[in-house]
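In: quick one, fold the following:
(one chain, ligands or ions: 1)
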Amino acid sequence: MTAKKRRSKRPALLSHSRPRITKQAAIPSLSSKATRNIIRSHHQLLKAQEAALARKDLSLVEKIDKEIAANGGLESYQLASKTGQSLERGGDSSVVFLDWIRPTLKQLEKSSQRLKLLEVGALSTKNACSRNPFIDITRIDLNSQEPGILQQDFMKRPFPKDKHDYFHAISLSLVLNFVPNVVGRGEMLKRCSSFLTSDLPSITNFTPYLFLVLPAACVSNSRYFSRERLLDIMSSLGYIQLQEKITNKLIYQLWEYHADLYRMVTFRKEELNPGKTRNNFTVILNDNNAN
Ligand SMILES: C[S@@+](CC[C@H](N)C(=O)[O-])C[C@H]1O[C@@H](n2cnc3c(N)ncnc32)[C@H](O)[C@@H]1O
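Out: Sure, this is the predicted structure:
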(Lines give C-alpha, C1' and ligand atoms only; values in the text may rest on other atoms or scores of the structure.)
Protein backbone atom coordinates (compact mmCIF):
# COMPACT_ATOMS: atom_id res chain seq x y z
CA MET A 1 0.00 0.00 0.00
CA THR A 2 1.36 3.40 -0.93
CA ALA A 3 1.51 5.97 1.79
CA LYS A 4 -0.80 8.86 1.00
CA LYS A 5 0.81 12.29 1.15
CA ARG A 6 -0.84 14.31 3.89
CA ARG A 7 -1.25 18.04 3.49
CA SER A 8 -0.25 19.84 6.65
CA LYS A 9 -3.12 21.97 7.97
CA ARG A 10 -1.74 25.42 8.50
CA PRO A 11 -3.59 27.97 10.59
CA ALA A 12 -5.21 30.74 8.58
CA LEU A 13 -2.92 33.70 8.04
CA LEU A 14 -4.25 37.23 8.19
CA SER A 15 -2.70 38.04 4.84
CA HIS A 16 -4.74 35.42 2.96
CA SER A 17 -7.82 37.06 1.59
CA ARG A 18 -10.30 37.75 -1.16
CA PRO A 19 -12.93 35.47 -2.59
CA ARG A 20 -13.94 35.57 -6.25
CA ILE A 21 -16.98 37.79 -6.48
CA THR A 22 -16.58 40.38 -9.19
CA LYS A 23 -16.20 40.81 -12.90
CA GLN A 24 -13.66 43.56 -12.47
CA ALA A 25 -10.69 43.43 -14.84
CA ALA A 26 -7.69 41.46 -13.72
CA ILE A 27 -4.44 43.15 -12.74
CA PRO A 28 -2.08 40.34 -13.68
CA SER A 29 1.29 41.82 -12.73
CA LEU A 30 1.71 40.16 -9.30
CA SER A 31 1.45 36.48 -8.47
CA SER A 32 -0.88 35.65 -5.60
CA LYS A 33 2.12 34.52 -3.56
CA ALA A 34 3.90 37.83 -4.15
CA THR A 35 0.69 39.70 -3.29
CA ARG A 36 0.35 37.82 -0.02
CA ASN A 37 4.00 38.36 0.86
CA ILE A 38 3.78 42.11 0.30
CA ILE A 39 0.59 42.42 2.37
CA ARG A 40 1.93 40.23 5.17
CA SER A 41 5.29 41.92 5.31
CA HIS A 42 3.71 45.41 5.36
CA HIS A 43 1.42 44.44 8.25
CA GLN A 44 4.33 42.87 10.14
CA LEU A 45 6.53 45.92 9.69
CA LEU A 46 3.76 48.27 10.86
CA LYS A 47 3.24 46.08 13.89
CA ALA A 48 6.96 45.97 14.71
CA GLN A 49 7.13 49.72 14.31
CA GLU A 50 4.21 50.20 16.67
CA ALA A 51 5.97 48.03 19.27
CA ALA A 52 9.20 49.99 18.82
CA LEU A 53 7.27 53.23 19.22
CA ALA A 54 5.68 51.97 22.44
CA ARG A 55 9.20 51.21 23.76
CA LYS A 56 10.31 54.66 22.56
CA ASP A 57 13.02 52.98 20.49
CA LEU A 58 13.17 55.74 17.91
CA SER A 59 16.17 54.43 16.01
CA LEU A 60 14.32 51.17 15.39
CA VAL A 61 11.21 53.15 14.34
CA GLU A 62 13.37 54.95 11.79
CA LYS A 63 15.02 51.74 10.63
CA ILE A 64 11.62 50.13 10.07
CA ASP A 65 10.48 53.25 8.22
CA LYS A 66 13.36 52.75 5.81
CA GLU A 67 12.54 49.07 5.44
CA ILE A 68 8.90 49.90 4.62
CA ALA A 69 10.08 52.43 2.04
CA ALA A 70 12.55 49.93 0.57
CA ASN A 71 9.65 47.47 0.10
CA GLY A 72 7.72 50.04 -1.89
CA GLY A 73 5.82 51.56 1.06
CA LEU A 74 2.07 51.98 1.25
CA GLU A 75 1.86 52.26 -2.52
CA SER A 76 3.16 48.77 -3.13
CA TYR A 77 0.86 47.46 -0.35
CA GLN A 78 -2.08 49.15 -2.07
CA LEU A 79 -1.12 47.65 -5.42
CA ALA A 80 -1.02 44.22 -3.78
CA SER A 81 -4.45 44.86 -2.22
CA LYS A 82 -5.82 45.99 -5.57
CA THR A 83 -4.50 42.82 -7.15
CA GLY A 84 -6.43 40.98 -4.46
CA GLN A 85 -9.58 42.70 -5.72
CA SER A 86 -8.99 41.61 -9.29
CA LEU A 87 -10.94 38.91 -11.06
CA GLU A 88 -8.11 36.39 -10.86
CA ARG A 89 -7.92 36.11 -7.13
CA GLY A 90 -10.30 38.31 -5.41
CA GLY A 91 -13.37 40.36 -5.31
CA ASP A 92 -14.75 43.79 -4.81
CA SER A 93 -16.20 43.65 -1.31
CA SER A 94 -18.59 46.50 -2.12
CA VAL A 95 -20.58 43.98 -4.22
CA VAL A 96 -21.62 42.31 -0.97
CA PHE A 97 -22.54 45.63 0.66
CA LEU A 98 -24.55 46.67 -2.38
CA ASP A 99 -26.47 43.39 -2.34
CA TRP A 100 -27.36 43.86 1.31
CA ILE A 101 -28.60 47.43 0.97
CA ARG A 102 -30.48 46.96 -2.30
CA PRO A 103 -33.93 47.19 -0.64
CA THR A 104 -32.91 50.53 0.89
CA LEU A 105 -31.63 51.84 -2.43
CA LYS A 106 -34.88 50.73 -4.10
CA GLN A 107 -36.74 53.11 -1.80
CA LEU A 108 -34.59 55.99 -3.05
CA GLU A 109 -35.41 55.38 -6.71
CA LYS A 110 -38.39 57.72 -6.74
CA SER A 111 -36.74 60.45 -4.72
CA SER A 112 -33.93 62.85 -5.41
CA GLN A 113 -32.09 61.72 -2.29
CA ARG A 114 -29.00 59.54 -2.37
CA LEU A 115 -27.44 57.29 0.22
CA LYS A 116 -24.34 59.12 1.38
CA LEU A 117 -21.49 56.67 1.86
CA LEU A 118 -18.07 57.33 3.36
CA GLU A 119 -15.62 54.76 2.03
CA VAL A 120 -12.59 54.66 4.29
CA GLY A 121 -9.55 53.03 2.71
CA ALA A 122 -10.67 53.46 -0.88
CA LEU A 123 -8.43 52.01 -3.56
CA SER A 124 -10.62 52.62 -6.59
CA THR A 125 -13.35 54.89 -7.92
CA LYS A 126 -14.82 52.07 -9.99
CA ASN A 127 -16.08 49.54 -7.49
CA ALA A 128 -19.70 48.34 -7.46
CA CYS A 129 -20.88 51.09 -5.08
CA SER A 130 -19.24 53.75 -7.22
CA ARG A 131 -21.28 52.58 -10.20
CA ASN A 132 -24.62 52.74 -8.38
CA PRO A 133 -26.59 55.91 -9.21
CA PHE A 134 -28.37 55.96 -5.84
CA ILE A 135 -25.17 56.17 -3.81
CA ASP A 136 -23.19 59.34 -3.32
CA ILE A 137 -19.68 58.32 -2.26
CA THR A 138 -16.95 60.20 -0.46
CA ARG A 139 -13.73 58.19 -0.71
CA ILE A 140 -10.73 58.69 1.52
CA ASP A 141 -7.40 56.94 1.92
CA LEU A 142 -4.08 57.57 3.68
CA ASN A 143 -2.53 57.48 0.21
CA SER A 144 -4.83 58.48 -2.63
CA GLN A 145 -4.38 56.52 -5.86
CA GLU A 146 -6.86 58.48 -7.99
CA PRO A 147 -8.28 62.01 -8.22
CA GLY A 148 -11.68 60.82 -6.89
CA ILE A 149 -10.08 59.67 -3.61
CA LEU A 150 -9.33 62.29 -0.99
CA GLN A 151 -6.00 61.79 0.75
CA GLN A 152 -7.04 61.84 4.39
CA ASP A 153 -6.56 59.93 7.62
CA PHE A 154 -10.02 59.01 8.88
CA MET A 155 -8.75 59.45 12.44
CA LYS A 156 -8.04 63.09 11.63
CA ARG A 157 -11.12 63.81 9.55
CA PRO A 158 -12.84 66.83 11.12
CA PHE A 159 -16.03 65.92 12.98
CA PRO A 160 -19.26 67.01 11.27
CA LYS A 161 -20.20 70.65 11.72
CA ASP A 162 -23.45 70.72 9.77
CA LYS A 163 -25.85 68.18 8.30
CA HIS A 164 -23.93 67.94 5.01
CA ASP A 165 -20.94 66.46 6.82
CA TYR A 166 -22.80 63.31 7.93
CA PHE A 167 -23.17 59.96 6.16
CA HIS A 168 -25.85 57.30 5.96
CA ALA A 169 -23.24 54.56 5.76
CA ILE A 170 -19.55 53.97 6.33
CA SER A 171 -17.50 51.25 4.69
CA LEU A 172 -14.49 49.89 6.58
CA SER A 173 -13.38 47.13 4.28
CA LEU A 174 -10.05 45.60 5.30
CA VAL A 175 -9.12 48.81 7.06
CA LEU A 176 -9.50 47.96 10.76
CA ASN A 177 -6.93 45.17 10.47
CA PHE A 178 -4.58 47.61 8.76
CA VAL A 179 -4.41 49.75 11.93
CA PRO A 180 -1.34 48.45 13.76
CA ASN A 181 -2.32 49.74 17.19
CA VAL A 182 -4.96 47.71 19.06
CA VAL A 183 -6.28 50.77 20.91
CA GLY A 184 -6.33 52.67 17.60
CA ARG A 185 -8.65 49.98 16.20
CA GLY A 186 -11.12 50.59 19.02
CA GLU A 187 -10.87 54.33 18.44
CA MET A 188 -11.57 53.82 14.75
CA LEU A 189 -14.75 51.88 15.49
CA LYS A 190 -15.85 54.49 18.04
CA ARG A 191 -15.18 57.34 15.65
CA CYS A 192 -17.50 55.92 12.97
CA SER A 193 -20.67 56.70 14.90
CA SER A 194 -19.80 60.42 15.04
CA PHE A 195 -20.21 60.59 11.26
CA LEU A 196 -23.46 58.64 10.94
CA THR A 197 -26.93 60.13 10.60
CA SER A 198 -30.42 58.69 10.29
CA ASP A 199 -31.60 61.83 8.50
CA LEU A 200 -32.87 60.37 5.21
CA PRO A 201 -36.46 61.63 4.89
CA SER A 202 -37.42 59.46 1.87
CA ILE A 203 -37.06 56.35 4.02
CA THR A 204 -39.26 55.96 7.08
CA ASN A 205 -37.26 55.14 10.21
CA PHE A 206 -33.95 54.91 8.37
CA THR A 207 -31.01 53.69 10.48
CA PRO A 208 -27.43 54.23 9.29
CA TYR A 209 -25.07 51.40 8.32
CA LEU A 210 -21.54 50.32 9.03
CA PHE A 211 -20.10 47.80 6.58
CA LEU A 212 -17.17 45.95 8.09
CA VAL A 213 -14.84 43.50 6.35
CA LEU A 214 -11.98 41.69 8.05
CA PRO A 215 -9.76 38.76 7.16
CA ALA A 216 -11.64 35.75 8.55
CA ALA A 217 -8.56 34.74 10.53
CA CYS A 218 -8.98 37.86 12.70
CA VAL A 219 -12.13 36.36 14.21
CA SER A 220 -11.65 32.65 13.61
CA ASN A 221 -8.04 32.12 14.60
CA SER A 222 -6.98 34.79 17.06
CA ARG A 223 -5.84 34.14 20.58
CA TYR A 224 -7.34 37.45 21.67
CA PHE A 225 -10.39 37.95 19.48
CA SER A 226 -13.50 36.17 18.24
CA ARG A 227 -16.84 36.78 16.52
CA GLU A 228 -18.45 36.93 19.94
CA ARG A 229 -15.97 39.57 21.12
CA LEU A 230 -16.61 41.61 17.98
CA LEU A 231 -20.36 41.35 18.58
CA ASP A 232 -19.92 42.48 22.21
CA ILE A 233 -17.80 45.45 21.17
CA MET A 234 -20.17 46.51 18.41
CA SER A 235 -23.22 46.09 20.68
CA SER A 236 -21.66 48.30 23.32
CA LEU A 237 -21.08 50.95 20.65
CA GLY A 238 -24.77 50.87 19.70
CA TYR A 239 -24.70 48.55 16.67
CA ILE A 240 -27.09 45.74 15.78
CA GLN A 241 -25.91 43.14 13.31
CA LEU A 242 -28.06 42.87 10.19
CA GLN A 243 -26.03 40.63 7.90
CA GLU A 244 -22.98 38.42 7.91
CA LYS A 245 -21.12 36.41 5.32
CA ILE A 246 -18.08 34.30 6.09
CA THR A 247 -15.84 32.82 3.43
CA ASN A 248 -12.55 30.95 3.85
CA LYS A 249 -10.76 34.26 3.67
CA LEU A 250 -13.00 37.11 4.73
CA ILE A 251 -15.79 37.99 7.12
CA TYR A 252 -18.28 40.61 5.89
CA GLN A 253 -20.74 42.21 8.27
CA LEU A 254 -23.47 44.82 7.99
CA TRP A 255 -24.33 46.73 11.15
CA GLU A 256 -27.06 49.22 11.91
CA TYR A 257 -26.27 52.10 14.26
CA HIS A 258 -28.64 53.10 17.06
CA ALA A 259 -27.27 55.99 19.12
CA ASP A 260 -29.66 55.17 21.98
CA LEU A 261 -28.15 51.69 22.42
CA TYR A 262 -24.65 53.03 23.08
CA ARG A 263 -23.28 51.90 26.48
CA MET A 264 -19.57 52.24 26.70
CA VAL A 265 -17.83 49.17 28.08
CA THR A 266 -14.09 48.61 28.33
CA PHE A 267 -12.68 45.63 26.40
CA ARG A 268 -9.09 44.71 27.18
CA LYS A 269 -6.66 42.32 25.54
CA GLU A 270 -7.30 38.93 27.10
CA GLU A 271 -6.69 35.39 25.99
CA LEU A 272 -9.96 34.02 24.62
CA ASN A 273 -8.68 31.10 22.54
CA PRO A 274 -5.39 29.65 23.74
CA GLY A 275 -3.22 27.98 21.13
CA LYS A 276 0.29 28.24 19.76
CA THR A 277 -0.71 28.50 16.13
CA ARG A 278 -3.14 31.36 16.52
CA ASN A 279 -2.60 34.99 15.54
CA ASN A 280 -2.66 37.96 17.91
CA PHE A 281 -5.32 40.15 16.32
CA THR A 282 -7.49 42.06 18.76
CA VAL A 283 -9.33 45.33 19.36
CA ILE A 284 -9.15 47.23 22.63
CA LEU A 285 -11.93 49.58 23.59
CA ASN A 286 -11.29 52.13 26.30
CA ASP A 287 -13.97 53.95 28.19
CA ASN A 288 -12.45 57.39 27.70
CA ASN A 289 -15.37 59.12 25.99
CA ALA A 290 -12.93 60.14 23.24
CA ASN A 291 -15.33 59.91 20.34
C1 LIG B 1 -6.14 46.53 2.42
S2 LIG B 1 -6.49 48.14 1.83
C3 LIG B 1 -8.21 47.87 1.62
C4 LIG B 1 -8.78 48.61 0.51
C5 LIG B 1 -10.23 48.35 0.14
N6 LIG B 1 -11.12 48.98 1.07
C7 LIG B 1 -10.53 46.88 -0.01
O8 LIG B 1 -11.48 46.41 0.63
O9 LIG B 1 -9.87 46.20 -0.76
C10 LIG B 1 -6.46 49.15 3.28
C11 LIG B 1 -6.49 50.62 2.94
O12 LIG B 1 -6.92 51.33 4.09
C13 LIG B 1 -6.24 52.55 4.13
N14 LIG B 1 -6.32 53.09 5.50
C15 LIG B 1 -5.86 52.51 6.63
N16 LIG B 1 -6.08 53.31 7.69
C17 LIG B 1 -6.69 54.42 7.22
C18 LIG B 1 -7.15 55.62 7.82
N19 LIG B 1 -6.98 55.84 9.13
N20 LIG B 1 -7.72 56.56 7.04
C21 LIG B 1 -7.86 56.36 5.70
N22 LIG B 1 -7.45 55.24 5.07
C23 LIG B 1 -6.87 54.28 5.81
C24 LIG B 1 -4.83 52.19 3.68
O25 LIG B 1 -4.11 53.30 3.21
C26 LIG B 1 -5.09 51.16 2.60
O27 LIG B 1 -5.13 51.74 1.31
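In: from here on, contacts and neighbour counts on C-alpha atoms
Out: Fine.
In: now the strands for the stretch 151-291 of the chain?
Out: Ranges of strands within the stretch 151-291 of the chain are 169-173, 209-215, 239-246, 250-257, based on DSSP state E, counting those that start in this stretch.
In: got the residues of the stretch 151-291 of the chain near the ligand?
Out: Residues of the stretch 151-291 of the chain lying near the ligand by C-alpha under 6 Å from any ligand atom: 152, 153, 154, 155, 173, 174, 175, 178, 179.
In: of these - the most surrounded one?
Out: Using other C-alpha atoms under 10 Å as the neighbour criterion, residue 173 leads these with 25 neighbours.
In: list the contacts of it.
Out: Taking C-alpha atoms under 8 Å, 6 or more residues apart in numbering, we find residue 173 in contact with 93, 120, 121, 211, 212, 213, 214.
In: for this protein, name the helix or strand with the lowest mean pLDDT.
Out: Among the helices and strands of the chain, helix 73-85 carries the lowest confidence by mean pLDDT, DSSP states H and E, at a mean of 75.
In: okay, the strands of the stretch 151-291 of the chain in a markdown table with distance to residue 102 next?
Out: Converted to a markdown table, the strands of the stretch 151-291 of the chain look like this (distance: least, C-alpha to C-alpha, whole Å):
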| stretch | distance to residue 102 |
| --- | --- |
| strand 169-173 | 13 |
| strand 209-215 | 13 |
| strand 239-246 | 13 |
| strand 250-257 | 13 |
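In: reformat these as JSON lines; add mean pLDDT and distance to residue 108.
Out: What follows is the strands of the stretch 151-291 of the chain, written out as JSON lines (pLDDT from 0 to 100; distance: least, C-alpha to C-alpha, whole Å):
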{"stretch": "strand 169-173", "mean pLDDT": "97", "distance to residue 108": "14"}
{"stretch": "strand 209-215", "mean pLDDT": "96", "distance to residue 108": "16"}
{"stretch": "strand 239-246", "mean pLDDT": "97", "distance to residue 108": "20"}
{"stretch": "strand 250-257", "mean pLDDT": "97", "distance to residue 108": "18"}
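In: as TSV, the residues of the stretch 151-291 of the chain next to the ligand with distance to residue 48 would be great.
Out: Formatted as TSV, these follow (distance: C-alpha to C-alpha, whole Å):
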residue	distance to residue 48
152	24
153	21
154	22
155	21
173	23
174	19
175	18
178	13
179	12
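In: burial count for residue 64?
Out: The burial count for residue 64: 18, using other C-alpha under 10 Å.
In: state the pLDDT value of it.
Out: At residue 64, the model reports a pLDDT of 88.
In: nearest residue to it other than its sequence neighbours?
Out: With sequence-adjacent residues excluded and distances taken as C-alpha to C-alpha, 6 or more residues apart in numbering, residue 64 is closest to residue 49, at 6.2 Å.
In: residues in contact with that neighbour?
Out: When contacts are counted by C-alpha under 8 Å, 6+ apart, residue 49 touches 60, 61, 64, 65.
In: give the contact list for the third one.
Out: Contacts for residue 64 were tallied using C-alpha under 8 Å, 6+ apart; they are 45, 48, 49.
In: could you find the closest non-adjacent residue to the second one?
Out: I take that to be residue 48. Per C-alpha to C-alpha, 6+ apart, closest to residue 48 is residue 64, 7.8 Å.
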